[in-house]
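Undergrad: The amino acid sequence is not available; the structure is as follows:
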């Protein structure tokens, strides 16, 4: 085997390791979206199926691009090792960052709602609400007859 062939095969292995890590990152993004949306069991199964179909297509594409479609055992091993490395070493930190981002975004988007809730507790606003409520009650009593 030529040294250039070994370099090429190592490059293919590096591509498989990287694609395994990318698959893990995409899975973490999918998990956080699924956790946020909380779909039912049917949509969860459908989403899982879509994730794995896209991952298989991505893996095939990467294999085709870096290795001209030649499927070798070490490519699957490299993909698995890259995924395992990502899940064990990197994923906990990425999930922690995603959770912090979710909290920041939820607080950012809840600020206008919190401002309206606080404004509705003011005496002037409560007085207007009470007047509207009483006017409705009187209107419906008059309407009933």
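TA: It's in. Only a predicted model underlies this, so the values are computations on that prediction, with no experimental measurement involved.

Undergrad: Need the per-residue pLDDT for residue 29.
TA: Note for residue 29: predicted pLDDT of 94.

Undergrad: give me the element it is part of.
TA: Using DSSP states H and E, residue 29 falls within helix 3-37.

Undergrad: List the buried residues in the helix or strand following that helix.
TA: As assigned by DSSP H and E, the chain's next helix or strand after helix 3-37 is helix 41-67. Going by neighbour count (16 or more other CB atoms under 10 Å), the buried part of helix 41-67 is 47, 51, 55, 59, 62-63, 66-67. From N, CA and C alone the C-beta is placed, and that goes for glycine too.

Undergrad: CSV for the residues you listed, including pLDDT?
TA: Formatted as CSV, the buried residues of helix 41-67 follow (pLDDT from 0 to 100):
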residue, pLDDT
47, 92
51, 94
55, 90
59, 84
62, 79
63, 81
66, 74
67, 75
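
Undergrad: quick one on the thing from earlier: kindly spell out which helices and strands sit in contact with the helix holding residue 29.
TA: Under the contact definition 3 or more CB pairs under 8 Å, 6 or more residues apart in numbering; DSSP states H and E, helix 3-37 sits against helix 41-67, helix 73-85, helix 91-120.

Undergrad: what does stretch 40-52 rub up against?
TA: Contacting residues not belonging to stretch 40-52 are listed as 26-27, 30, 34, 39 [CB atoms under 8 Å, 6 or more residues apart in numbering].
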